[in-house]
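*Asks:* Give me the fold of what follows.
(2 chains)
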2 protein chains.
Amino acid sequence: MTASAVPLLTDVRRRRADRARQVADVLRRQVVGGEFGDRPLPLDSVLARRFGTSRNAMRAALELLREEGLVERCPGVGTTVARAKYPHGLDRLLGLAETLREHGEVTNEVRTMGLTVPPPAVGERLGLPGGEPVVYVERLRRLNGLPLSLDLTYLARDVGEPLFEADLEHNDIFVLIERLSGQPLGRADLTVEAVNADAHTAAVLQTPPGTALLMVERLAHLSDGRPVDLEYIRFRGDRLTMRGHLLRTTE
Amino acid sequence: MTASAVPLLTDVRRRRADRARQVADVLRRQVVGGEFGDRPLPLDSVLARRFGTSRNAMRAALELLREEGLVERCPGVGTTVARAKYPHGLDRLLGLAETLREHGEVTNEVRTMGLTVPPPAVGERLGLPGGEPVVYVERLRRLNGLPLSLDLTYLARDVGEPLFEADLEHNDIFVLIERLSGQPLGRADLTVEAVNADAHTAAVLQTPPGTALLMVERLAHLSDGRPVDLEYIRFRGDRLTMRGHLLRTTE
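*Replies:* Alright, predicted model coming up:
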């Protein structure tokens, strides 16, 4: 192929919104990755030069990140990072407090806890016969006092009952299960979705209705393979990312 | 512990919105998992009985799933599945057409393609010296004709240039890279977030503004470890889930 067959992107007329999105994506990763720390972002003109784009497209890109709640824009002050976003690992099964240890203190407000006969679909996931009661726990989880996630948890009865007397406020359920059952956890099956927060969930998570949430369904097994912990987790999308690695071939 | 120390959940007065969310989460997985196929869901009263909840809470749960665009509610017809949601693997690095082969045909509309000097943050991720041009490709990806994702891709020049003459419309970039470079891909680093669609992105993806999107940043390496493909992918949250497994201990 000759070089002349390859069009230069600058030769192509593109809509400003398309250019703004392209810039915003790269800048988002820099902000989320903590590249600017607590400092303000560079001036729009400096950023525009760095990204090789127009100031108008740069402003539009920053406006996209402002709408997402990632940055704040203030005349005279410039652009500042509004809120840190924390990474949750996709490579290893970890509780929230374990994974965010370096970022601050996780506290859990137990909203509901009790024995219940779950719907058949839950019993089946936990490998239980119909009508077998399970322990249901609902927690609002905060990092440094700010809501991070709302977790709905179904636990096999023998694993869940000892938690009634445990300090759920300051401990991950994973850690408590391992401590109280004397058996380590093994593998978990995971589904990740993006959903809009309904009004009530938004109020609980102290975020505007419609906010994008990372919704995780996770079924954790003990190391002997028994499924014991089924969770439905809503993370505030503006406060958490999930990070991991994939391999092309599975060995 | 004595049984009397464990409260029965039915004894606890809970808000209907809390009960509705709890029911909706379990039902969502059943719908997304294809449990009802093309058939309508059971009557509200049947579902309420199955979930051991009130009809009011059941109706509120179905309303949550309707707001998410997962089901439709129609007087006289009942509740039907509005839209299938497709699983994308978190266990193995696969292109979209590879992973969704059984669900239909993936087609790619190339919106932009050309050589460009990327912002420094992109060059660094690809391990390139400053000012080195890369190939930029922007694709709107459809499954069976319906928009599924908008992908912004930066490719190392030697890997990307041969794509100008390839059939990008009907092939995953992953597959083309391997075919044209003669080298398999190896590992990819992945970040997953939930963001609200801005107005312009929403229009491109044919979804309402504000729709929750799964936003993925993925850096794929050739099997020799060289990073060659940096992608920013926006999946429509109502059309895709990501599925995988985690282990408690890393071997």
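*Asks:* Helix or strand: which one has A:R21?
*Replies:* helix A:16-32 (DSSP states H and E).
*Asks:* is it true that A:E178 touches A:L185?
*Replies:* Yes. A:E178 is within contact range of A:L185, at 6.1 Å (criterion: C-beta atoms under 8 Å). Using the backbone N, CA and C atoms, a C-beta is placed for each residue, glycine as well.
*Asks:* So between the two, which is more surrounded?
*Replies:* A:L185 (23 against 17; other C-beta atoms under 10 Å in any protein chain shown).
*Asks:* The more buried one pairs with what?
*Replies:* A:L222 (DSSP bridges).
*Asks:* sorry, back to before: and the contacts of the helix or strand just after the helix holding A:R21?
*Replies:* Note on helix A:16-32: by DSSP H and E, the next helix or strand toward the C-terminus is helix A:44-51. With C-beta atoms under 8 Å, 6 or more residues apart in numbering or on different chains as the test, helix A:44-51 has contacts from A:23, A:26-27, A:41-42, A:54-55, A:57-59, A:61-62, A:79, B:119-120.
*Asks:* coming back round to it: quick one: contacts of the helix holding A:R21?
*Replies:* A:36, A:41, A:47, A:51, A:53-54, A:56-58, A:60-65, A:68, A:70-71, A:81, A:85, A:241, B:111-112, B:118-119, B:121-122, B:136, B:138, B:152, B:191, B:193, B:198, B:200-201, B:217, B:232.
*Asks:* which of those are buried?
*Replies:* Buried members of those, scored by 16 or more other C-beta atoms under 10 Å in any protein chain shown, are A:36, A:41, A:47, A:51, A:53, A:57-58, A:60-62, A:64-65, A:68, A:70-71, A:81, A:85, A:241, B:111-112, B:118-119, B:121-122, B:136, B:138, B:152, B:191, B:193, B:198, B:200-201, B:217, B:232.
*Asks:* How about A:V122: what's its closest non-neighbour residue?
*Replies:* Excluding its sequence neighbours, the residue lying closest to A:V122 (C-beta to C-beta, 6 or more residues apart in numbering or on different chains) is A:Y154, at 5.2 Å.
*Asks:* show me where pLDDT drops low in chain A?
*Replies:* A:1-5, A:10-13, A:250-251 (pLDDT under 70).
*Asks:* hmm, 80 instead?
*Replies:* A:1-13, A:83-84, A:91, A:249-251 (pLDDT under 80).
*Asks:* what residues go with each domain of it?
*Replies:* Following the assignment in automatic domain parsing, chain A carries domains at A:3-81, A:86-243.
*Asks:* Quickly compare those domains and say which is most buried.
*Replies:* For the domains of chain A, the largest average neighbour count (mean count of other C-beta atoms under 10 Å in any protein chain shown) is found in domain A:86-243, namely a mean of 19.
*Asks:* from the chain's centre, how far out does that domain sit?
*Replies:* Domain A:86-243 has its C-alpha centroid displaced from the chain centroid by 12 Å (C-alpha atoms, centre = their mean, to the nearest Å).
*Asks:* Where do the strands of the stretch 51-200 of chain A begin and end?
*Replies:* A:71-74, A:78-81, A:86-89, A:106-116, A:134-143, A:146-156, A:185-196 (DSSP state E, counting those that start in this stretch).
*Asks:* now the ones you listed in JSON lines, with distance to B:D18?
*Replies:* Below are these laid out as JSON lines (distance: least, C-beta to C-beta, whole Å):
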{"stretch": "strand A:71-74", "distance to B:D18": "33"}
{"stretch": "strand A:78-81", "distance to B:D18": "33"}
{"stretch": "strand A:86-89", "distance to B:D18": "24"}
{"stretch": "strand A:106-116", "distance to B:D18": "7"}
{"stretch": "strand A:134-143", "distance to B:D18": "7"}
{"stretch": "strand A:146-156", "distance to B:D18": "9"}
{"stretch": "strand A:185-196", "distance to B:D18": "17"}
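*Asks:* pretty sure A:R218 is in a helix, no?
*Replies:* No. Under DSSP: H, G, I helix; E, B strand; the rest coil, A:R218 falls outside any helix and is assigned strand.
*Asks:* Bridge partners for it, pull those for me.
*Replies:* Beta-bridge partners of A:R218, as defined by DSSP bridges: A:L190, A:E231.
*Asks:* Surely it is in contact with A:R187?
*Replies:* No. Between A:R218 and A:R187 there is no contact under C-beta under 8 Å: 10.7 Å.
*Asks:* Residues that sit against both of these two, list them.
*Replies:* In contact with both A:R218 and A:R187: B:L246, using C-beta under 8 Å, 6+ apart.
*Asks:* wait, what's in contact with the residue lying closest to A:H103 once chain neighbours are set aside?
*Replies:* Counting by C-beta to C-beta, 6+ apart, A:Y86 is the residue found nearest to A:H103 once chain neighbours are left out, at 5.3 Å. Listed by C-beta under 8 Å, 6+ apart, the contact partners of A:Y86 are A:100, A:103, A:143, A:148, A:239-241.
*Asks:* same check, this time on A:P40
*Replies:* Neighbours of A:P40 in contact, by C-beta under 8 Å, 6+ apart: A:77-80.
*Asks:* let's go with 10 Å and repeat that
*Replies:* Listed by C-beta atoms under 10 Å, 6 or more residues apart in numbering or on different chains, the contact partners of A:P40 are A:71-72, A:74, A:77-81.
*Asks:* Just give the nearest non-adjacent residue to A:P208, would you?
*Replies:* A:A202 (6.2 Å).
*Asks:* correct me, but that neighbour touches A:G237?
*Replies:* No. Judged on C-beta atoms under 10 Å, A:A202 makes no contact with A:G237 at a distance of 11.6 Å.
*Asks:* Could you tell me which residues touch both of these two?
*Replies:* A:196, A:211, A:213.
*Asks:* Tell me the spacing between the closest residue to A:F164 other than its chain neighbours and B:D91.
*Replies:* In space, A:F164 comes closest to B:V6 once its chain neighbours are excluded; the distance is 5.7 Å by C-beta to C-beta, 6+ apart. Between B:V6 and B:D91 the computed distance is 37 Å (C-beta to C-beta, to the nearest Å).
*Asks:* picking up where we left off before, export the domains of chain A to a markdown table and append columns for distance to B:G160.
*Replies:* Converted to a markdown table, the domains of chain A look like this (distance: least, C-beta to C-beta, whole Å):
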| stretch | distance to B:G160 |
| --- | --- |
| domain A:3-81 | 9 |
| domain A:86-243 | 25 |
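*Asks:* For B:N171, find the nearest of the ones you listed.
*Replies:* B:N171 sits nearest to domain A:3-81 of all those, at 18.7 Å, using C-beta to C-beta.
*Asks:* ok now the closest one, how far from the chain's centre?
*Replies:* The answer for domain A:3-81 is 23 Å, by C-alpha atoms, centre = their mean.
*Asks:* ok, back up a step: give me the subset of the shared contacts of A:A202 and A:G237 that also touch chain B.
*Replies:* A:196, A:211, A:213 (C-beta under 10 Å from any C-beta of the partner chain).
*Asks:* Could you list which residues are in contact with the closest residue in space to A:T112 that isn't next to it in sequence?
*Replies:* Closest residue in space to A:T112, ignoring its immediate chain neighbours: A:E138 at 4.2 Å, by C-beta to C-beta, 6+ apart. Contacts for A:E138 were tallied using C-beta under 10 Å, 6+ apart; they are A:109-114, A:150-153, A:204, A:232, B:9, B:14, B:18, B:21-22.
*Asks:* same thing but at 6 Å, please
*Replies:* A:E138 makes contact with A:111-112, A:152, according to C-beta atoms under 6 Å, 6 or more residues apart in numbering or on different chains.
*Asks:* From B:D25, how far off is it?
*Replies:* In terms of C-beta to C-beta, A:E138 sits 11 Å off from B:D25.
*Asks:* Thank you kindly, that will do.
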